[in-house]
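In: need a structure here:
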Amino acid sequence: MKKKPGSSNAGNLPRPTGRELEIVQVLWEREPATVRQVFESLNAGRKESLAYTTVLRFLQIMTEKGLVTREVTDRTHVYRASVPAERTKRQLAHDLLERVFKGSARELVQHALGGREVSPEELAEIRKLVEKLEDR
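Out: Numbering: from 1, shown residues only. This next block holds a predicted model:
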């Protein structure tokens, strides 16, 4: 069965590229958003701005891939992320864990926390998470 452009089968979605992930993060924050809104959010504070047509093209490609959905209202194209932020983050973290750290959660955490300052608040949240996992 052929998938309709813009339809979503979240389990089989391709991993977003770096730029696609930037766009999807904008959509998670602003959802729904027009091309203009995504364009403005991406370029806020950026030294080298992306062209409007570049953002539009990325959104068209992402629609074809199923990463975003598009709705046309009054000649305006409105975009939404196909998959919620948490699910995408979990998928990317799992992929990173498997591909880079060969499934070792210890190594992933060691590298994630070893190279930067971690606030006491973050450490407390991490401890709570570990305790919750141990209780399972």
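
In: any idea how far the residue lying closest to Q37 once chain neighbours are set aside is from F39?
Out: Nearest residue to Q37 in three dimensions, chain neighbours excluded: R30, at 5.8 Å (CB to CB, 6 or more residues apart in numbering). Yep, even glycine has a C-beta here, placed from its N, CA and C like the rest. From R30 across to F39, the span is 12 Å (CB to CB, to the nearest Å).

In: The two: which is more packed in?
Out: Taking neighbours as other CB atoms under 10 Å, R30 and F39 compare with F39 leading, 22 against 15.

In: doesn't T53 make contact with that one?
Out: No: F39 is not in contact with T53 according to CB atoms under 8 Å; the separation is 9.4 Å.

In: Tell me how far R116 lies from S104.
Out: 19 Å.

In: Those two: which is more packed in?
Out: With neighbours defined as other CB under 10 Å, R116 and S104 compare such that S104 has more, 13 against 6.

In: residues touching the more buried one, list them.
Out: L97 (CB atoms under 8 Å, 6 or more residues apart in numbering).

In: Phi and psi next, for it.
Out: phi -90, psi 100 (degrees, to the nearest 10).

In: Equivalent analysis for the one 10 residues further on, please.
Out: For G114, the backbone dihedrals (degrees, to the nearest 10) come out as phi -70, psi -30.
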